[in-house]
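# model this:
(one chain, ligands or ions: 1)
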Amino acid sequence: MSVLELRDLRVTYAGDVPAVRGVDLSVAAGEVLGIAGESGCGKSTITNAVLRLLPRSAEVGGQVLLDGEDVYGMSFGRLRAVRWAQASIVFQGALHSLNAVQRIGRQIAEPILLHSKVSRREADKRVAELLEQVGLPARRARDYPHQLSGGQRQRVMIALALACGPRLLIADEPTTALDVMVQAQVLDLLSSLVKDLGLSMVLISHDLSVLGSVCDRVAVMYAGRVVEQGPATAVFDDPRHPYSAALAGAFPRIGDERFRYSPRGLPGDPPFPGDLPGGCPFHPRCPIAVDLCATTEVTLAGVGDGRTSACLRATERGLDLRGAR
Ligand SMILES: Nc1ncnc2c1ncn2[C@@H]1O[C@H](COP(=O)(O)OP(=O)(O)OP(=O)(O)O)[C@@H](O)[C@H]1O
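From the prediction side, this is the model:
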């Protein structure tokens, strides 16, 4: 059974902003799934939908199953138990997520005291273990968030997410706003924790190369839908959708000859979900679009090797999508 399964997940804000438009995804035990896409494609909406953290203006359709249990069919009591203890989120921007006037040890102890019948002393012991697990000395428990660097604060966020021993971590852009060296350290930490603790993880990033190095599988999203899914390295090295190709090309890798001289961004902006173009929503920005793309709505279809793509041209023989980069 999957640790997390999204079945035809749909989220519409304010009645007419379809931010997520029918997403099917699953995460197996011990698996790391990456979700990639530009700002506005619906990544954070999915994160929040999993633990029912969306604002009231959001209408949710389809199903979210955690260990087979329907999150939207749960009582609030059950939901409270599931959050933290079964699945938890590492949010982006630790500075805003942590309480500035509370010592970090106290902040990490809070969910532990709330979710398990332990004494304050036992909770403090667990806090010390957690801090060490994320590479911080236990004495930092006495610090306030402003006494830590950005990378250290993000480590605290990870410790917080691990506090109640979840099986699934959802890390939403966990390295945004960190410098490149620290980003790599935080990603290494997440990868080793996932391995050592036998967790599953959903890692969300706009940077496909980050996902390629950490994830088992990747789903690339555009305008609220998955447009390509498959093994992470395959999607990055040999994309089967021109959007994945463009996204891979937008983040040059050091030492990669193809990008050394002219790393190209993607021209134009993603469409607003309330005003999507007809046919394939990527066609106005697509370097290989043909007339049919403006009128044909394409759904995900198998393109071999356990991969799916929502591109009319994905299976054309001899079409090298790396040229789309
Ligand atoms: N509360 C809301 N009310 C109305 N529209 C919203 C709301 N939250 C998000 N949206 C819209 O839904 C779309 C998807 O947003 P979402 O934050 O999920 O994207 P994202 O891929 O996570 O982007 P980012 O990386 O910038 O957070 C965007 O067009 C956004 O403007």
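# list the buried ones in stretch 295-308?
Across stretch 295-308, burial judged by 16 or more other C-beta atoms under 10 Å covers 298, 300, 303, 307-308. Using the backbone N, CA and C atoms, a C-beta is placed for each residue, glycine as well.
# Show me which of the residues you listed is closest to the ligand.
For these, the minimum distance to the ligand (C-beta to the nearest ligand atom) is 18.3 Å, reached by residue 300.
# bridging residues for the nearest residue to that closest one once chain neighbours are set aside?
Closest residue in space to residue 300, ignoring its immediate chain neighbours: residue 308 at 4.3 Å, by C-beta to C-beta, 6 or more residues apart in numbering. Beta-bridge pairing of residue 308 under DSSP bridges involves residue 229, residue 302.
# who are the neighbours in contact with residue 308?
226, 228-230, 300-302 (C-beta atoms under 8 Å, 6 or more residues apart in numbering).
# Look at the residue nearest the centre of the chain and report its pLDDT.
The chain has residue 204 as the residue nearest its centroid, 2.0 Å off, counting by C-alpha atoms, centre = their mean. Note for residue 204: predicted pLDDT of 96.
# and the helix or strand where it lies, what other elements does it pack with?
Applying DSSP states H and E as the criterion places residue 204 in strand 200-205. Here strand 200-205 touches strand 17-27, strand 32-36, helix 43-50, strand 168-172, helix 180-197, helix 208-214, going by 3 or more C-beta pairs under 8 Å, 6 or more residues apart in numbering; DSSP states H and E.
# Assumed residue 12 was part of a helix.
No. Counting by DSSP: H, G, I helix; E, B strand; the rest coil, residue 12 is not part of a helix but strand.
# and it, bridged to which residues?
residue 18, residue 59.
# From the ligand, how far off is residue 238?
As defined by C-beta to the nearest ligand atom, to the nearest Å, residue 238 lies at a distance of 24 Å from the ligand.
# How many residues are close by that residue?
Applying other C-beta atoms under 10 Å, we find 16 residues neighbouring residue 238.
# Now it: phi and psi?
Here is the backbone geometry of residue 238 (degrees, to the nearest 10): phi -140, psi 70.
# what about the residue lying closest to residue 266 once chain neighbours are set aside, neighbour count?
Excluding the flanking residues, the one nearest residue 266 by C-beta to C-beta, 6+ apart is residue 246, at 4.4 Å. By other C-beta under 10 Å, 24 other residues sit near residue 246.
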